[in-house]
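1. Everything below, folded, please.
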Amino acid sequence: MAKFEMDTEFVRKLAEILEETHLGEIELADGERRIRVARPTVTVAAAAPVAMAAPLAAAGAAAPIAAAAAGDIAKHPGLVKSPMVGTAYLAPEPGKPNFVAVGDKVTVGQTLLIIEAMKTFNPIKAPKAGTVTQLLVENAQPVEFGEPLMVVE
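-> So this is what the prediction gives:
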């Protein structure tokens, strides 16, 4: 068996590509040689039960309302949609007040909530000045790309 020489600079470049593209892993093969670079997966299930206990109870009641309103809201000019897949947090950290609440006046660029994706907390900012009229997600709720988050009128 031939000795496999490791090109650490090449591996570093692959890791940079993972970071830039938010991919989970890259695998390359060249004949017998194979290189796989992967991000570690993180589960937060151990911390979730305490934070999620109340929203789960409320989510059952809110789901029919959200489903019925989703069709009407999709075309609303003040709709703020999720720019990424992740977990939406309404407050900067547990125990702190929410960034905004229904009825709050906001300014352009003000942080409305944060979405955690790949261990990075991304602020979602107000696209326009106005009043928050609807919150369409619960704290610590998983969200999809393009999912309605709130309405600013």
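2. Let me know the average pLDDT across the helix or strand hosting Val80.
-> For Val80, the host element (DSSP states H and E) is strand 79-81. Mean pLDDT, strand 79-81: 90.
3. was I right about Ala140 contacting Tyr89?
-> Yes. Contact criterion C-beta atoms under 8 Å: Ala140 and Tyr89 qualify, at 6.2 Å. C-beta: built from backbone N, CA, C; applies to glycine.
4. List of residues touching the helix or strand encompassing Glu20?
-> Secondary structure from DSSP H and E places Glu20 in helix 8-21. Helix 8-21 is contacted from outside by Leu23, Gly24, Glu25, Ile26, Leu28, Ile35, Val37, Ala38, Arg39, using C-beta atoms under 8 Å, 6 or more residues apart in numbering.
5. Quick check: can you list the domain ranges of this structure?
-> Using automatic domain parsing, the domains assigned to the chain come out as 8-38, 48-152.
6. Pipe the ones you listed into JSON lines and attach mean neighbour count per row.
-> Shown next, in JSON lines, are the domains of the chain (neighbours: other C-beta atoms under 10 Å):
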{"stretch": "domain 8-38", "mean neighbour count": "11"}
{"stretch": "domain 48-152", "mean neighbour count": "15"}
